[in-house]
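Novice: Here's a sequence, model it:
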Amino acid sequence: MNDRNLTKKLQLLKQIQPEKDWVSLNKRQLLGFEISEVKTSSADQILEIFKIGFNYKLVLVPLTIILAFGGTIGLSQASLPGDFLYPVRKLVDKTGYLFVAKENQPKLGLEVANKRLEELTVIAQNNQSKNLAPAINEFKQSTIEAAGKLKIVNTVDGSPKLTKEIVKETEKLRDNKEKIEALGIVVGNTEELTQALSQLVEREINDLNDRSLTDDQKQVLEQAKQNFEAGNYAKALEGILLLSYPQP
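Specialist: Predicted structure coming up:
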């Protein structure tokens, strides 16, 4: 068959129109119903048409980006200050504030500060000297943020009060700091957080001074005052929690 005859046959094929019954049958086989039979109240049927007619290319690229970013987040969780993916890990921690209630933000702030100290401990134990300075800086920044969240607790206008979780995270922060200092790492001054904890303890002690306490309770309060004067705020908060907000 020469090129001229082939061209003629192709032109004839273009003129062939499928029978309406055949078209209708194939629509039913593909969709399970005629498009003309769709009712606006039938959400499931409309969804089926949408699925078949949906151009996957429109979502392929953004979906790939989302999946890649999700994988990046997973990989970032093992990163440390100074690593390439560490900013992603920090971003994940910061977005946590968007998903917790106001009363839980002070606890979350202390949790993040503890994470920074734990990262610093890993760096010190592995002798990763290049990551040391960034890790200390990240810890200091986290204590500033934690102090800001603790100011919520320090207010007396119906904002969140002292909780068992806050005391627990404060004690953990003290223990983690002692652990890192035992490795010879000086993290420096955390003035903002120290001040926030001091104000919290002082407020709670003043409140307890105005209450009627038993002799045993007065003894617990006196010990809390001594811890406050010594700057041992975690220990002072432990006694205050027992007196002010007894746990079930």
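
Novice: what does the domain assignment say about the protein?
Specialist: 62-161, 197-248 (automatic domain parsing).

Novice: ok, of the ones you listed, where does mean pLDDT dip lowest?
Specialist: Among the domains of the chain, domain 62-161 carries the lowest mean pLDDT, at a mean of 79.

Novice: for this structure, what spans make up the helices?
Specialist: Assigned by DSSP state H, the chain shows helices spanning 3-15, 20-31, 43-53, 57-76, 86-95, 105-125, 129-154, 164-182, 191-209, 215-229, 233-244.

Novice: helices or strands next to the last one in the packing?
Specialist: Under the contact criterion of 3 or more CB pairs under 8 Å, 6 or more residues apart in numbering; DSSP states H and E, the helices and strands touching helix 233-244 comprise helix 164-182, helix 191-209, helix 215-229. In short, each C-beta sits where N, CA and C put it, glycine included.

Novice: got CSV for these, with mean neighbour count and distance to residue 121 too?
Specialist: What follows is those, written out as CSV (neighbours: other CB atoms under 10 Å; distance: least, CB to CB, whole Å):
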stretch, mean neighbour count, distance to residue 121
helix 164-182, 17, 5
helix 191-209, 18, 18
helix 215-229, 15, 25
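
Novice: so who does the closest residue to residue 192 other than its chain neighbours touch?
Specialist: In space, residue 192 comes closest to residue 147 once its chain neighbours are excluded; the distance is 3.9 Å by CB to CB, 6 or more residues apart in numbering. Residue 147 is in contact with 109, 192-193, 195-196, counting by CB atoms under 8 Å, 6 or more residues apart in numbering.
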